[in-house]
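1. Please work out how this folds:
(chains A and B)
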Amino acid sequence: MAQSEESSFRTTIRSHALGELGKKHEGAQVTLCGWVDRRRDHGSLIFVDLRDRYGIAQIVLDLACHPGLEKQGASTIRIEEILKVQGKVRLRDAESVRKENPTGEVEVEVSDLVFLARVPQDVKNLPVPTGTSADVDAKKGKETDEEVRMQFRYLDLRRPSLQQRIMLRHRICSAFRSWFDSRGFVDVETPFLTKSTPEGSRDYLVPSRIHPGHFYALPQSPQLFKQLLMVGGFDRYYQIVRCFRDEDLRKDRQPEFTQLDLEMTFVTEEDVLREVEGAVEAACHAAASVLEPSEPARAKGLRAVKAPFRRITFQEALLKYGSDKPDLRFALEIVDVTAECAKAEGFLKEAATATRTLPGGKAALGGAARALRVPESAEKFSRKDLDSLASVVSDKGIKGVAWLKVVGEKGAKGKDRAQTSLGKLATDELVEALLAAVGGVKGDLVLLIANQKERTAAEAMGLVRLHVAEKLGLREKEPARMEFVWAVEFPLFCEDPNREGGYAPESHPFTDPRPEDMDKLESDPLLVRSRHYDLVLNGTELGSGSVRIHTPELQKRIFGILGLSEEVQKRRFGFLLSAFRYGAPPHGGIALGVDRFCAMLSKTPSIRDVIAFPKTNRATDPMTDAPSIAEAEQLGELHIQACSPPPPKP
RNA sequence: GGGGCGGUAGCUCAAUUGGUUAGAGUACCGGACUGUCGAUCCGGUGGUUGCGGGUUCGAGUCCCGUCCGCCUCGCCA
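-> Presented below is the predicted three-dimensional model:
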């Protein structure tokens, strides 16, 4: 009997949630609460779609059968008002069943109506469309201006699509928590009022009232604290934690964002990777469960995520995909054709055989040529398309992309074999050599880049690869596909752009060098590989981590190579170095971008869509009007004053 | 800090070469209607064209400045 089954959503005020209603409730007397999503008014017969977080159900107000409803205001119901109704669940006629709605087999015949909240008369219009209509509009390209949506975020949050993304995020985080809990990790909170951490972006500062002229920094990450937790003996730590960075924003960057942060003791790379793979798999499967009813195809893609993930070395990723975060949803592998081009004439040869001087005075072969075979695509790229590739690589300082269309079978010569932008440089020998290298056959397009710096050539071709894939629709060909990959064996150092001949950490200065490269630390720092790893999904970096240095001797040695004076070391990281002197265990960890992860699993391009209260591109919140001007009195108490007066607000 | 696009009714958009009283859909208000599902039909309210200045007989439209939003480079793991 329907009534005997109590809903887990029952409260003092309601008997059921709207979304749970179905055939099994036929005949049940129910009390429901929700927002008016839509209203279809036939005069003495009114249909209302009532909405809550669990779904939408149709309630029927039949004024002829229930004359009392008229007095209760049935014909004055407006969109987004909050109703409480009592009534009886009944099955719909066969022809009025709505299969697309989980509650579409039933409706509720209302006998009693109460307004829990009315939209007052002076509010003529809601400032933004909300509920289902907002989602329908958005799907048709009629999305409301994001600034207004943020100003009235509490209304925007009523949209089913936004609620679902926020709930998906909750599921993902729950899955993370239960995974790490079951694996013996301890959730430890770390300070927000702290000291600048070594990530190297700008800090948000908090003035101290008690200490004039002194400031806390909000953490860019809990990096140092989690390492100190390892020193403190908490050998498995994790936290889903807010981080703060005062840099310019993008659709995938907010001033405050969330990381899944973890650190482990007595581990190598393998141990960390295995835990994270398990957590990510669990989170994807949890997301799949949420999406199963509404989006079975994507759920299937998430269900297919399986640990262990692929691994690729930095070197291989750069060679084959021109990026340290390769998108592996499609093939299109880049080929090194430096040797072939070195035999050619003109700029190809010059680029491929150029030498450069490394810091320390060593000469190295720096130049390189890269080729990309785009199968069966000679016809798909017009002259204009090919010319426009130049703008793809211009940021890398490369003027253009050479191309070659294979028009003839092997044995054909000159123009009968290939059309090409190389002109006279394209001797039959070079063409055959290139085609042999890339495996090009009739109908293929082959793209070619040469540059005096190998990394530039490689990365430029990486951009071309993505551009070509985009144009051919390869990136989103299977929207459900999830290609996770670990990039490993990153270089420990890169050339410091700010200090001629100096070195900067490729990630951060606590990364452990690979033992087999230790002998090159001072002699050939750029060739030293690190124990750093990145987790990459579909060409987006989701997180990075490393096995850390755990002896003060090595840590000081690295600081030395980075050119940090004893004084700077002591001031910035003194407490870490001190801690290490009391015995730090070998340890390593990782941090994952939770907002980005949730955005990707939600198939939304912006992390603002998975954050309940996000900020604009200029780090403001139109709803609270933060940041705002502080009173002189308050500033005085904090021993600070603004050096430029704030502009008057419009 | 640089570049691009945009800002017109509550919301989404239109407005010819600078030319009549700035239109439409939706929402809202009023009316009709018992099986709808973005209900339908009829009528109506609603505008400092982001802001400031300029050119012009005349500016939503052209010019200068400025503010805001989004995308992006720099920056940022």
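2. now residue A:580, what's its secondary structure?
-> The three-state label given to residue A:580 by DSSP: H, G, I helix; E, B strand; the rest coil is helix.
3. whoops, I mixed them up, residue A:335
-> Secondary structure, three-state DSSP: residue A:335 is strand.
4. Quickly list what it is bridged to.
-> residue A:371 (DSSP bridges).
5. quick one: residue A:197 and residue A:217 touch, right?
-> Yes: counting by C-beta atoms under 8 Å, residue A:197 does reach residue A:217; the two are 7.4 Å apart. C-beta: built from backbone N, CA, C; applies to glycine.
6. For those two, indicate the residue with more neighbours.
-> A count of neighbours by other C-beta atoms under 10 Å puts residue A:197 above the other of residue A:197 and residue A:217, at 22 against 18.
7. Model confidence for the more buried one, exactly?
-> Reading off the confidence values, residue A:197 has pLDDT 75.
8. Leaving out the residues flanking it, which one is nearest to it?
-> Nearest non-adjacent residue to residue A:197, counting by C-beta to C-beta, 6 or more residues apart in numbering: residue A:220, 4.9 Å away.
9. give me the number of residues near the one you found?
-> Around residue A:220 there are 22 residues (other C-beta under 10 Å).
10. again with residue A:577
-> There are 16 residues near residue A:577, going by other C-beta under 10 Å.
11. In the stretch 51-200 of chain A, what residue comes closest to RNA strand B?
-> Nearest to RNA strand B in the stretch 51-200 of chain A, going by C-beta to the nearest atom of the strand, is residue A:64, at a distance of 2.3 Å.
12. Does that residue touch residue A:42 like I think?
-> No: assessed by C-beta under 8 Å, residue A:64 is found out of contact with residue A:42, at 11.0 Å.
13. is it true that residue A:619 lies in a helix?
-> No: looking at residue A:619 with three-state DSSP, it is coil, so not inside a helix.
14. For the closest residue to it other than its chain neighbours, give its distance to RNA strand B.
-> Nearest non-adjacent residue to residue A:619, counting by C-beta to C-beta, 6+ apart: residue A:255, 4.6 Å away. Residue A:255 sits at a distance of 10 Å from RNA strand B (criterion: C-beta to the nearest atom of the strand, to the nearest Å).
15. show me what contacts the residue nearest to residue A:197?
-> By C-beta atoms under 8 Å, 6 or more residues apart in numbering, the contact list for residue A:220 reads A:196-197, A:199, A:201, A:203, A:243-245.
16. what do you get for residue A:280?
-> A:305, A:307, A:309, A:484, A:535, A:592.
17. secondary structure class for it?
-> helix.
18. tell me the contacts of residue A:219?
-> By C-beta under 8 Å, 6+ apart, the contact list for residue A:219 reads A:190-192, A:194, A:197, A:225, A:243-244.
19. List only buried entries from those.
-> Neighbour-count burial (16 or more other C-beta atoms under 10 Å) applied to these gives A:190, A:192, A:194, A:197, A:225, A:243-244.
20. so of those, which ones are in helices?
-> residue A:225 (DSSP state H).
21. Apart from its neighbours in sequence, what residue is nearest residue A:314?
-> residue A:490 (4.7 Å).
22. Need phi/psi at the residue of the stretch 351-500 of chain A found nearest RNA strand B.
-> At 5.8 Å from RNA strand B, residue A:395 is the closest residue in the stretch 351-500 of chain A, using C-beta to the nearest atom of the strand. Here is the backbone geometry of residue A:395 (degrees, to the nearest 10): phi -60, psi -30.
23. For it, grab the count of nearby residues.
-> Around residue A:395 there are 10 residues (other C-beta under 10 Å).
24. What score does it have for pLDDT?
-> What the model reports for residue A:395 is a pLDDT of 81.
25. measure it to residue A:463 for me?
-> From residue A:395 across to residue A:463, the span is 8 Å (C-beta to C-beta, to the nearest Å).
26. now do residue A:307
-> Plainly put, residue A:307 is 30 Å away from residue A:463 if you go by C-beta to C-beta.
27. Neighbour count: these two, which is higher?
-> Using other C-beta under 10 Å as the criterion, residue A:307 and residue A:463 rank with residue A:463 on top: 20 against 16.
28. close enough to count as contact, residue A:17 and residue A:54?
-> Yes: taking C-beta under 8 Å as the definition, residue A:17 is a contact partner of residue A:54 at 4.1 Å.
29. Spit out the residues that contact those two alike.
-> Common neighbours of residue A:17 and residue A:54 (C-beta under 8 Å, 6+ apart) are residue A:9.
30. Which residue does the stretch 551-650 of chain A have closest to RNA strand B?
-> Taking C-beta to the nearest atom of the strand, the stretch 551-650 of chain A has residue A:617 as its residue nearest RNA strand B, at 2.7 Å.
31. quick one: pLDDT of the closest residue in space to that residue that isn't next to it in sequence?
-> Leaving out its chain neighbours, the residue that sits closest to residue A:617 by C-beta to C-beta, 6+ apart is residue A:249, at 5.0 Å. Residue A:249 carries a pLDDT value of 96.
32. Kindly report the same for residue A:601.
-> 96.
33. Please look at it and residue A:175 and confirm they touch.
-> No: using C-beta under 8 Å, residue A:601 is not in contact with residue A:175; the gap is 10.9 Å.
34. Quick check: neighbours shared by the two?
-> A:283, A:287.
35. more neighbours, those two?
-> Counted by other C-beta under 10 Å, residue A:601 and residue A:175 do not tie: residue A:601 has more neighbours, with 27 against 20.
36. Please name the nearest non-neighbouring residue to the more buried one.
-> Residue A:601's closest residue in space is residue A:287 (C-beta to C-beta, 6+ apart), at 4.9 Å.
37. Surely the one you found forms part of a helix?
-> Yes: according to three-state DSSP, the state of residue A:287 is that of a helix.
38. Please verify my assumption that it contacts residue A:167.
-> No: the pair residue A:287 / residue A:167 is not scored as a contact, 10.4 Å apart, by C-beta under 8 Å.
39. residues of stretch A:26-33 that come out buried?
-> Buried residues in stretch A:26-33 (16+ other C-beta under 10 Å): A:28, A:30-33.
40. Turn the contacts of residue A:219 into CSV, including distance to RNA strand B.
-> Below are the contacts of residue A:219 laid out as CSV (distance: C-beta to the nearest atom of the strand, whole Å):
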residue, distance to RNA strand B
A:190, 17
A:191, 18
A:192, 17
A:194, 15
A:197, 9
A:225, 16
A:243, 8
A:244, 11
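41. Can you pick out the most distant pair from those residues?
-> Largest separation among the contacts of residue A:219 by C-beta to C-beta: A:225 and A:244, giving 14.2 Å.
42. From RNA strand B, how far off is the closest residue to residue A:244 other than its chain neighbours?
-> Distance criterion C-beta to C-beta, 6+ apart; nearest residue to residue A:244, sequence neighbours excluded, is residue A:218 at 3.9 Å. Residue A:218 sits 13 Å away from RNA strand B, going by C-beta to the nearest atom of the strand.
43. Repeat that for residue A:213.
-> 25 Å.
44. Return the residues in contact with that residue.
-> The contact partners of residue A:213, by C-beta under 8 Å, 6+ apart, come to residue A:639.
45. how deep is residue A:401 tucked in, by neighbour count?
-> With neighbours defined by other C-beta under 10 Å, the count for residue A:401 comes to 23.
46. in terms of contact, does it touch residue A:448 like I think?
-> Yes: the pair residue A:401 and residue A:448 qualifies as a contact (C-beta under 8 Å) at a distance of 6.9 Å.
47. Tell me who's in contact with the residue in the stretch 451-600 of chain A positioned nearest to RNA strand B.
-> Taking C-beta to the nearest atom of the strand, RNA strand B has its nearest neighbour within the stretch 451-600 of chain A at residue A:507, 3.3 Å off. Residue A:507 makes contact with A:490, A:530, A:532, A:544, A:546 under the criterion C-beta under 8 Å, 6+ apart.
48. Residue A:171 reaches residue A:288, doesn't it?
-> No: contact criterion C-beta under 8 Å: residue A:171 and residue A:288 do not qualify, at 9.8 Å.
49. okay, these two: which has more neighbours?
-> Just comparing residue A:171 and residue A:288: by other C-beta under 10 Å the higher neighbour count belongs to residue A:288, 22 against 18.
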